[in-house]
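Visitor: 3D model of this:
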Amino acid sequence: MASYVKTYFDMGGMQMQFNVVNSETLKDAMANPDAYRQLMVRISGYNAYFVMLNRDIQIELIERAEYGL
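Guide: Numbers count the residues shown, from 1 in each chain. Now for the predicted structure:
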């Protein structure tokens, strides 16, 4: 992971965001929001409680978590 980050910035990258949660957890949070009230995710430079986001954004975050799997 450190090499990935270093390479990105060495190639001119300016900003990087990480969500360290898998898509299964996000899907479970959608189905059981009361159990995940404290789950925070990073979106476009700010933090947000996952269960407070609208469904379209939640789905987008799940798709991003699954990208490349």
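
Visitor: and Asn47, what does it touch?
Guide: 40-41 (Cβ atoms under 8 Å, 6 or more residues apart in numbering). Every residue, glycine included, has its C-beta placed from N, CA and C.

Visitor: so which strand or helix has it?
Guide: Element membership for Asn47, per DSSP states H and E: strand 46-49.

Visitor: beyond that strand, next helix or strand please.
Guide: helix 55-66.

Visitor: against which helices or strands is that next one packed?
Guide: helix 23-31, strand 40-43 (3 or more Cβ pairs under 8 Å, 6 or more residues apart in numbering; DSSP states H and E).

Visitor: which of those sits closest to Ala65?
Guide: Judged by Cβ to Cβ, the one of those that comes nearest to Ala65 is helix 23-31, at 4.1 Å.

Visitor: what residues sit buried inside the closest one?
Guide: Applying a neighbour-count criterion of 16 or more other Cβ atoms under 10 Å, one finds 26, 29-30 buried in helix 23-31.

Visitor: now, among those residues, which is nearest to Met40?
Guide: For the buried residues of helix 23-31, the nearest to Met40 is Ala29 (10.9 Å; Cβ to Cβ).

Visitor: hmm, back to that, show me how far the strand holding Asn47 is from its chain's centre.
Guide: Its chain's C-alpha centre lies 10 Å from the corresponding centre of strand 46-49 when counted by Cα atoms, centre = their mean, to the nearest Å.

Visitor: do the same with stretch 53-60
Guide: Distance, centroid of stretch 53-60 to centroid of chain: 11 Å (Cα atoms, centre = their mean).
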